[in-house]
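# can you look at this prediction? I've put the sequence above it.
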Amino acid sequence: MGDERRRLTMKGIAGMLVLLLVAMCAGTAAADERFDKALEKAARKSNLMEPGSAPFHVKLVAENKRQEHPEYSVEIEMWWSSPEKWRREVRSPGFTQTSVRNGERYYEDDSSDYLPWWLDELIRALLEPVAVEDLKVDDLEFHPPCGGWQSEYRKDGEGIALGNRMCFNPDDTVSEIFTSTIAAQLGNYQSFGGKRVAGTIVVWPQSPNEVRGTVAVLEKLKGSEELFAVPKDTGLAARLRFVSVPESAVELDGEKSRALEWPVVHNFPVRGVMAVSVKIDREGNVREVGTIVSSNHVLIPAAAEQIQRWKFKPYVTDGAGTQVNTTLTIPYTVKMELLGAHGETAVAEPFLNRIKKSREMSDPRSGDAKPFHLIANFDAGGGRTGRYEETWRNSKEWDRQAAASDSRVTESCTGGQSVREFGGPEAQRRLLEIVLNEMDGRLPDRKYAVYEADWGQSAVRFDGEEMVRIARGQVDADNQPTSGQAYWFDTTGLLRGAYERPTTAQYSAFEEWNGKRVPRKITLTYSGKSVLVIVVEKIETPGPR
């Protein structure tokens, strides 16, 4: 849910860009200062248990949004007189707790030896949603009402970054927090004792499960001193609680934890790192594996299953074992094979490499491209025929058009700015636009960012030849794509086919021109039936303007 995160790629700035760097740093410092002030305001406004706050009685009732998991139902009730005098009761199917503090004496009775992370988040979001020390960071972007920053995890020369986000309301309260220490949405604020207290709180035990809590009672403290009677002193240090610490603070028990074993994958990258959020109990056992962010997401299930069995040395605070929240940096190096290769020799290489190679080999507009003039004819069946013409001088100066009957679509680019216009009866417009788009090519990097991990690679037959198919989406019983995108490359590296639902483009009749092997025929099929054929009549050096 709120832990959806992206990788961050950073490049150094040197030489004549030093002045720009100084300006950026100054801006970042100002953003840091404004964000810190916003944090402090929000803490004063919403943290119920700060010294000097009004005594209160609060009760929160929470349940799973879809009511499919009764274990995620809970009542949290707190009677608070001061930081040294309070009582808290937690009642849920999987965990109950009664804790009382009265001065130096502390009593706690728990139904199990582990306080689940989602419950801890819900308690903190209710009572102290803004933990200033946990949230003060450097190098953030703060564009009110939200601030964002990256937490980078590196090992063995590889790195991955997780995004953090925190947003504020106009009244200086917090609307959402998504960080490694807490993920919660807060709303429906109400006034109490000079504070603004969230009336609804949402946390996520495990995606897609959502727990929504509602404040049922918020009032001045009532009742007798019996509320704070301590049956016996169990010791404050021994209470169930979480501490959030860096990975360097925990020690893996190597004798009881096996090294990770990775499956063979059918996608790239084959080397990188993943950031794994784990919750460790007082004995050092991994009790929860939370969000995993990996540069190759295919490895996430295998990592989660094995890390769940790891054991760490107990983390001790004030002489007692303490539950730990931390993020592990896990490096990986895996074997990549083409799916369906069955041990046969087949070349596997990253999709982006294949795209680059294919463009260099066959796209007349790529690399050290020379100006060209191209004419093609097209036939969409049913008497729908037409002509395509393009004059390309460089990437910022070109024009082209597709025409059929009395209709035409023209597109021109001058100084890097392109304009598309339509003229004539509307009936042919969609066909002409399809022709223009097909002549522009289907490789995805011109349309959106390509992340290697999204694309699986297979050894298949296409157009009667052995090829490598790179795809994302679903396939049918015959291993043919039915959703997403797919691209077929032959053994030389040429793009021979491209699927984008619902049609497949097949490229053939390659001929040499200016060092490029240009496809002279493009056949568009739908459900195996040809619906459009484009044939290049000629490609030549253009005449003078």
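Everything's here; your move. Residues are numbered from 1 along each chain as shown.
# now residue 230: which helix or strand?
Following DSSP states H and E, there is no helix or strand that holds residue 230.
# what of residue 401?
Using DSSP H and E, residue 401 falls in strand 397-404.
# cool, residue 433 as well?
Going by DSSP H and E, residue 433 is in helix 429-440.
# with just CA atoms, put that helix into PDB.
Extracted in PDB, the C-alpha atoms of helix 429-440 (Å, rounded to 0.1, in the frame of the first residue of the first chain):
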ATOM      1  CA  ARG A 429      -8.600   8.800 -39.500                       C
ATOM      2  CA  ARG A 430      -8.100   5.900 -37.200                       C
ATOM      3  CA  LEU A 431      -6.500   3.800 -40.000                       C
ATOM      4  CA  LEU A 432      -4.100   6.600 -40.900                       C
ATOM      5  CA  GLU A 433      -3.000   7.100 -37.300                       C
ATOM      6  CA  ILE A 434      -2.400   3.400 -37.000                       C
ATOM      7  CA  VAL A 435      -0.100   3.500 -40.100                       C
ATOM      8  CA  LEU A 436       1.800   6.500 -38.600                       C
ATOM      9  CA  ASN A 437       2.300   4.700 -35.300                       C
ATOM     10  CA  GLU A 438       3.400   1.500 -36.900                       C
ATOM     11  CA  MET A 439       6.000   3.300 -39.000                       C
ATOM     12  CA  ASP A 440       7.300   4.900 -35.800                       C
END
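# centre of the chain to that helix, how far?
Relative to its chain's centre, helix 429-440 lies at 33 Å (Cα atoms, centre = their mean, to the nearest Å).
# check stretch 136-146 too.
Counting by Cα atoms, centre = their mean, stretch 136-146 comes out at 19 Å from the chain centroid.
# what count of nearby residues applies to residue 193?
By other Cβ atoms under 10 Å, the residues close to residue 193 number 14. C-beta: built from backbone N, CA, C; applies to glycine.
# for the closest residue in space to it that isn't next to it in sequence, helix, strand, or coil?
Leaving aside its sequence neighbours, residue 193 sits nearest to residue 54 (Cβ to Cβ, 6 or more residues apart in numbering; 3.0 Å). Taken by DSSP: H, G, I helix; E, B strand; the rest coil, the conformation at residue 54 corresponds to coil.
# again, but for residue 382
Per three-state DSSP, residue 382 ends up coil.
# over to it: give its phi and psi.
phi 60, psi 30 (degrees, to the nearest 10).
# distance of it from residue 531?
Distance, residue 382 to residue 531, using Cβ to Cβ, to the nearest Å: 10 Å.
# residue 378 too?
From residue 378 to residue 531 the distance is 11 Å (Cβ to Cβ).
# and for residue 514?
In terms of Cβ to Cβ, residue 514 sits 31 Å off from residue 531.
# repeat for residue 435
Relative to residue 531, and taking Cβ to Cβ, residue 435 is found at 12 Å.
# compare these two (neighbour count), which wins?
residue 435 (27 against 15).
# OK, contacts around the more buried one?
By Cβ atoms under 8 Å, 6 or more residues apart in numbering, the contact list for residue 435 reads 378, 386, 388, 402, 532, 534.
# if we use 6 Å, what do you get?
378, 388, 402 (Cβ atoms under 6 Å, 6 or more residues apart in numbering).
# can you pull up the bridge partners for the second one?
For residue 388, the beta-bridge assignment (DSSP bridges) gives partners residue 376, residue 402.
# can you tell me how far it sits from residue 522?
Between residue 388 and residue 522 the distance, using Cβ to Cβ, works out to 10 Å.
# and if you look at residue 510?
11 Å.
# and what of residue 411?
Distance from residue 411 to residue 522, by Cβ to Cβ: 18 Å.
# the helix holding residue 433 to strand 397-404, inter-axis angle?
140 degrees (axes from the mean of the first three to the mean of the last three Cα atoms, to 10 degrees).
# ok, residue 383 - how many residues close by?
Residue 383, neighbours per other Cβ under 10 Å, totals 7.
# now do residue 167
Residues near residue 167, counting by other Cβ under 10 Å, number 17.
# from memory it sits against residue 146, does it?
Yes - look at residue 167 against residue 146 with Cβ atoms under 6 Å: they come within range, at 4.1 Å.
# quick revisit: quick one, which of residue 510 and residue 522 is more surrounded?
Neighbour count, other Cβ under 10 Å: between residue 510 and residue 522, residue 522 has more, with 23 against 18.
# let me see the domain layout of this structure.
15-240, 244-333, 351-540 (automatic domain parsing).
# for the last one, measure first residue to last.
So the one you mean is domain 351-540. 31 Å (Cα to Cα, to the nearest Å).
# and residue 269, what does it touch?
Going by Cβ under 6 Å, 6+ apart, the list of residues near residue 269 reads 295, 296, 452.
# how about the closest residue to the first one other than its chain neighbours, secondary structure?
Right, the one you point to is residue 295. Leaving aside its sequence neighbours, residue 295 sits nearest to residue 272 (Cβ to Cβ, 6+ apart; 3.7 Å). Recorded secondary structure, residue 272: strand (three-state DSSP).
# give me the number of residues near residue 272?
24.
# what does residue 168 give?
By other Cβ under 10 Å, 22 other residues sit near residue 168.
# next one: the nearest residue to it once chain neighbours are set aside from residue 45, what distance?
Once flanking residues are discounted, residue 168 sits nearest to residue 145: 4.8 Å by Cβ to Cβ, 6+ apart. Distance check for residue 145 against residue 45: by Cβ to Cβ, it reads 14 Å.
# which one's more surrounded, those two?
Shown here are residue 145 and residue 45; by other Cβ under 10 Å, residue 45 has more neighbours (20 against 14).
# in the stretch 401-545 of the chain, which spans are strands?
Remark: strands assigned in the stretch 401-545 of the chain by DSSP state E, counting those that start in this stretch are 407-414, 417-423, 456-462, 465-472, 485-489, 495-500, 503-513, 516-526, 529-540.
# ok, the stretch 201-350 of the chain next?
Going by DSSP E, counting those that start in this stretch, the stretch 201-350 of the chain shows strands at 211-220, 242-244, 271-280, 286-294, 316-317, 320-321, 323-333.
# can you report phi and psi for the closest residue to residue 150 other than its chain neighbours?
In this structure, residue 150 finds its nearest non-sequential neighbour in residue 161, 4.3 Å apart by Cβ to Cβ, 6+ apart. In this entry, residue 161 is assigned phi and psi values of phi -120, psi 140 (degrees, to the nearest 10).
# same check, this time on residue 51
Dihedral angles for residue 51 - degrees, to the nearest 10 - are phi -50, psi 140.
# separation between the nearest residue to it once chain neighbours are set aside and residue 198?
Once flanking residues are discounted, residue 51 sits nearest to residue 83: 5.9 Å by Cβ to Cβ, 6+ apart. For residue 83, the distance to residue 198 (Cβ to Cβ) stands at 20 Å.
# the more surrounded of the two?
Relative neighbour count places residue 198 above the other of residue 83 and residue 198, with 24 against 12, counting by other Cβ under 10 Å.
# that one contacts residue 184, doesn't it?
No - using Cβ under 6 Å, residue 198 is not in contact with residue 184; the gap is 8.8 Å.
# so what strands line up beside the one helix or strand residue 58 maps to?
Assigned by DSSP H and E, residue 58 falls within strand 56-64. Within its sheet, strand 56-64 is paired with strand 74-82 (antiparallel), strand 211-220 (antiparallel), according to DSSP bridges.
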